[in-house]
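Trainee: one predicted model, sequence on top.
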Amino acid sequence: GDSVTQMEGPVTLSEEAFLTINCTYTATGYPSLFWYVQYPGEGLQLLLKATKADDKGSNKGFEATYRKETTSFHLEKGSVQVSDSAVYFCALLGAGSYQLTFGKGTKLSVIP
Amino acid sequence: DSGVTQTPKHLITATGQRVTLRCSPRSGDLSVYWYQQSLDQGLQFLIQYYNGEERAKGNILERFSAQQFPDLHSELNLSSLELGDSALYFCASSVDPGNKLFFGSGTQLSVL
């Protein structure tokens, strides 16, 4: 079945550092890929998405490119802020599926 | 605010008991999803409804059941509770299956 593997956390970075959170997936066909973010005490929010190979999703300075050849969708940000501290979830929606499959989440802490 | 309302926010109960979690989706959203989030299992899909009908079922135990009512709100019933059922239960909604999900803030269930 479909699955998502993302890097283990927690990740601690200093403000303005470069962020990469790795995500790889296993799925049949051509899934859509997502990054969701969960701030403390809140539900998940969609951060960005990509629906086909080579698409780049971007939002709030975050980017991720759908790489079918490496089955990856790594999340990057050039300069993190303290307000980016949250848990980040990679997810996929399989072709013909109605529900998302999530990775286990990566907790990011940004220190001033 | 995602527009998805979950009640109660916190629930403390004892083993063997039964509880009901409630979810009101965003106005206009026909799909409702239930997820369980725990430290060891991550975010697990439980069940999905679309316009009152069950659409997809994930890792939902037989002790758990759900339904979506004509006014589109949904309830998740958990019975014969065990310690391991302690988790954060999220409801999410979308306009239609496969579309962007909007998550509620969750119900934190503690089984003592």
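Mentor: Structure's in. What do you need?
Trainee: next, count neighbours for whatever residue of chain B ends up closest to chain A.
Mentor: With C-beta to the nearest C-beta as the measure, B:Phe103 is the residue of chain B nearest to chain A, at 3.2 Å. Just so you know, the C-beta spots here come from the backbone N, C-alpha and C atoms, and that holds for glycine as well. A count of nearby residues for B:Phe103, using other C-beta atoms under 10 Å in any protein chain shown, gives 22.
Trainee: quick one: the strands in chain B?
Mentor: For chain B, the strands defined by DSSP state E occupy B:5-7, B:10-13, B:19-24, B:31-38, B:42-50, B:53-57, B:64-68, B:74-78, B:87-94, B:102-103, B:107-111.
Trainee: can you tell me if the third one touches chain A.
Mentor: No - contact between strand B:19-24 and chain A is absent, the nearest approach being 11.0 Å (criterion: C-beta under 8 Å from any C-beta of the partner chain).
Trainee: same thing with the fourth one?
Mentor: Yes - legend: contact between strand B:31-38 and chain A by C-beta under 8 Å from any C-beta is shown at B:Ser31, B:Tyr33, B:Tyr35.
Trainee: tell me the pLDDT at the first one?
Mentor: The model reports B:Ser31 with a pLDDT of 93.
Trainee: also the last one?
Mentor: Here the pLDDT value assigned to B:Tyr35 is 95.
Trainee: what residues does chain A put near chain B?
Mentor: Near chain B, when you scan chain A using C-beta under 8 Å from any C-beta, you find A:32, A:36, A:41-46, A:49, A:89, A:93, A:97-105.
Trainee: give the contact list for the residue nearest to the residue of chain B closest to chain A when sequence neighbours are not counted.
Mentor: Excluding the flanking residues, the one nearest B:Phe103 by C-beta to C-beta, 6 or more residues apart in numbering or on different chains is A:Gly43, at 3.2 Å. Applying C-beta atoms under 8 Å, 6 or more residues apart in numbering or on different chains to A:Gly43 gives the contacts B:Ser2, B:Val4, B:Phe90, B:Ala92, B:Phe103, B:Gly104, B:Ser105, B:Gly106.
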